[in-house]
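Engineer: Predicted model follows, preceded by the sequence.
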Amino acid sequence: MHQLGISLKVRTAPTPAYVHSTFGGTMSTSRKALKIICIVMLVLSIIGIVLGALMLAGFAVMGYSSVDVQGQSFDAGLVTGSVGIVFIVASVLDLIVAILGIKGCNTPSKIKPFLIICYITLACMVVSVVMSAVQGTAMGTSLVSLIITNIETVLGHNIQKEAQK
């Protein structure tokens, strides 16, 4: 075309910063931090699913064997199976949150579902900490979960602000 004396100029819209970072550019500190947290969460949730499955297998092997704890009789197999089911359900939920978080880190415009789950989890964690405090029971794990969920929510908000730029 240039030999004929015609030159074409193609004008493109500016590419948002998060697109560059998804495809090899730089990634913001919030996105890096949340991605690391979500990857750790992903690995731990897979471990939790495997442990839950092992507990269910233990239930199948143990059958209905009774265990005496401080004068009370418990069905060890039933307790093991129940804990296994809770492990699997909780780990699958963590897996979903981790995947949504990683997806939101890679594409900030898709962070909203992650934030919605963070809000729900944050509300549940506040209730859990308050209930633990009222009952006088150990609230260490609830408090740690509350802090981690709060960090995830703040990082998610930072990423959402990036997407709006």
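Structural biologist: Okay, I see it. Computed from a predicted structure; not experimentally measured.

Engineer: Could you point out the helix or strand that follows the helix ranked longest in the chain?
Structural biologist: Taking residue count as the measure and DSSP state H as the definition, the longest helix of the chain comes out as helix 29-62. Beyond helix 29-62 on the C-terminal side, the first helix or strand identified by DSSP states H and E is strand 66-69.

Engineer: which other residues reach that next one?
Structural biologist: Contacts made with strand 66-69 from outside it, assessed by CB atoms under 8 Å, 6 or more residues apart in numbering, are listed as 73-76. Just so you know, the C-beta spots here come from the backbone N, C-alpha and C atoms, and that holds for glycine as well.

Engineer: swap the cut-off to 10 Å and go again
Structural biologist: Surrounding strand 66-69, the residues in contact under the criterion CB atoms under 10 Å, 6 or more residues apart in numbering are 73-79.

Engineer: in stretch 87-105, what's buried?
Structural biologist: By neighbour count, and taking 16 or more other CB atoms under 10 Å as the criterion, the buried residues in stretch 87-105 are 87-88, 91, 94-95, 97-102, 104-105.

Engineer: Put the buried members of the contacts of strand 66-69 into a ChimeraX selection.
Structural biologist: In ChimeraX, this line selects whichever of these come out buried by 16+ other CB under 10 Å:
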select :75,76,77
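
Engineer: can you tell me which of the contacts of strand 66-69 are in strands?
Structural biologist: Per DSSP state E, strands hold the following members of these: 73-75.

Engineer: quick one: L42 and G101 touch, right?
Structural biologist: Yes: the criterion here is CB atoms under 10 Å, and L42 meets it with G101 at 8.7 Å.
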